[in-house]
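J.: Any chance you can model this:
(one chain, ligands or ions: 4)
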Amino acid sequence: MNKLPVLEIFGPTIQGEGMVVGRKTMFVRTAGCDYSCAWCDSAFTWDGSAKEDIKKMTSEEIFAQLKEIGGDRFDHVTISGGNPALLKNLSELIDIFHKNGIQAALETQGSRWQDWFLAIDDLTISPKPPSSMMKTNWTVLDDIMDNLEKGGRLANTSIKIVIFDEEDLEYAKSVRKRYPNVAFFVQVGNDNLEEIAPNELASHLLTRYEWLIDQVMDESSLNDVRLLPQVHALVWGNKRGV
Ligand SMILES: C[S@@+](CC[C@H](N)C(=O)[O-])C[C@H]1O[C@@H](n2cnc3c(N)ncnc32)[C@H](O)[C@@H]1O
Ligand SMILES: Nc1nc2[nH]cc(C(=O)O)c2c(=O)[nH]1
Ligand code: SF4
Ligand SMILES: [Mg+2]
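T.: Ligands and ions are numbered 1, 2, ... in the order given. All right, here's what the predicted structure looks like:
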């Protein structure tokens, strides 16, 4: 029986980021990542600190838990991590969603391809800028975008770049230029993962948002783009499971 490493199942909540921001959704968060971004807001998925909480679950068990906590109050599930693209066998889970009239979204960084990407309804690829300290493998990312285009999935796909500084903006510009036919989002980086007061964080992130808006407004190579903060961070701060 195919089992998946799961760290969190929660919702319904709003999708706080990117292409379907604001949409009511459930979340399934898988364990494990091939990256270790300097500013990862979900480091517990890969740094060992939540090792004891990882549950090996079948697709049926995951769906049963989603129904147990979400009832009939959802029709959309976002799979995030960690990097869910490390898992070969997510087709079964996506099939269960679709058979039950539920759409599937994915959050991944574009470092690995899986054939089941072609079945995802809202696919977010989030390549990592220099501030993350990670290095983009352009060959892999080109292949992913190519496979999605050949599979007729570009309308279901978006690119989302998190921005902390000017160097990240340059990186975003190069990604935009490389993949001009894909919906493109820039997202405010949260550089205060220790803050526990949501209002303090919101006020700080809105200042960062204004800075990002100013930068992008001045940039002719970033015209057909959307800029967003993480809405869940504005509402709930750094709280987990929201
Ligand atoms: C935790 S990651 C999991 C999915 C996948 N590993 C990825 O990075 O795309 C989910 C999203 O949160 C973003 N993210 C992580 N840390 C962040 C931070 N400190 N500020 C803003 N966005 C962040 C990532 O770039 C990604 O788009
Ligand atoms: N509400 C909410 N929206 C999100 N969008 C992407 C998230 C993620 O961690 O992947 C996330 C999350 O953790 N919570
Ligand atoms: S790729 Fe995603 S989960 Fe992995 S370290 Fe970076 S932000 Fe965190
Ligand atoms: Mg998150």
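
J.: any idea how far residue 134 is from residue 124?
T.: Per C-beta to C-beta, to the nearest Å, residue 134 is found 17 Å from residue 124. Every residue, glycine included, has its C-beta placed from N, CA and C.

J.: Compare neighbour counts for the two and give me the winner.
T.: The neighbour comparison of residue 134 against residue 124 (other C-beta atoms under 10 Å) goes to residue 124, with 24 against 18.

J.: Just give me the longest helix of this structure.
T.: helix 198-217 (DSSP state H).

J.: how long is stretch 81-89 from one end to the other?
T.: 15 Å (C-alpha to C-alpha, to the nearest Å).

J.: Now it: average pLDDT?
T.: On average, the pLDDT along stretch 81-89 is 98.

J.: Could I get the buried residue list for it?
T.: Under the neighbour-count criterion of 16 or more other C-beta atoms under 10 Å, stretch 81-89 has 81, 82, 83, 84, 85, 86, 87 buried.

J.: Can you list which of those residues are found in strands?
T.: Among those, DSSP state E puts none in strands.

J.: any chance of those in JSON lines, plus distance to residue 55?
T.: Shown next, in JSON lines, are the buried residues of stretch 81-89 (distance: C-beta to C-beta, whole Å):
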{"residue": "81", "distance to residue 55": "14"}
{"residue": "82", "distance to residue 55": "13"}
{"residue": "83", "distance to residue 55": "18"}
{"residue": "84", "distance to residue 55": "15"}
{"residue": "85", "distance to residue 55": "20"}
{"residue": "86", "distance to residue 55": "16"}
{"residue": "87", "distance to residue 55": "14"}
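
J.: any idea whether the residue nearest the centre of the chain is helix, strand or coil?
T.: In the chain, the centroid-proximal residue (C-alpha atoms, centre = their mean) is residue 107; its distance is 3.1 Å. Of the three states, residue 107 takes strand under DSSP: H, G, I helix; E, B strand; the rest coil.

J.: Chain neighbours aside, what residue packs nearest to it?
T.: Among residues not flanking residue 107 along the chain, residue 80 sits closest, at 4.0 Å (C-beta to C-beta, 6 or more residues apart in numbering).

J.: Count the neighbours of the one you found for me.
T.: Applying other C-beta under 10 Å, we find 20 other residues in the vicinity of residue 80.

J.: Kindly report the same for residue 197.
T.: Counted with other C-beta under 10 Å, residue 197 comes out at 10.

J.: didn't it look like it was pressed against residue 237?
T.: Yes - assessed by C-beta atoms under 8 Å, residue 197 is found in contact with residue 237 at 6.8 Å.

J.: Tell me which residues touch the spatially closest residue to residue 176 that is not a sequence neighbour, please.
T.: Nearest residue to residue 176 in three dimensions, chain neighbours excluded: residue 184, at 5.6 Å (C-beta to C-beta, 6+ apart). By C-beta atoms under 8 Å, 6 or more residues apart in numbering, the residues touching residue 184 are 158, 159, 161, 175, 176, 224, 225, 226.
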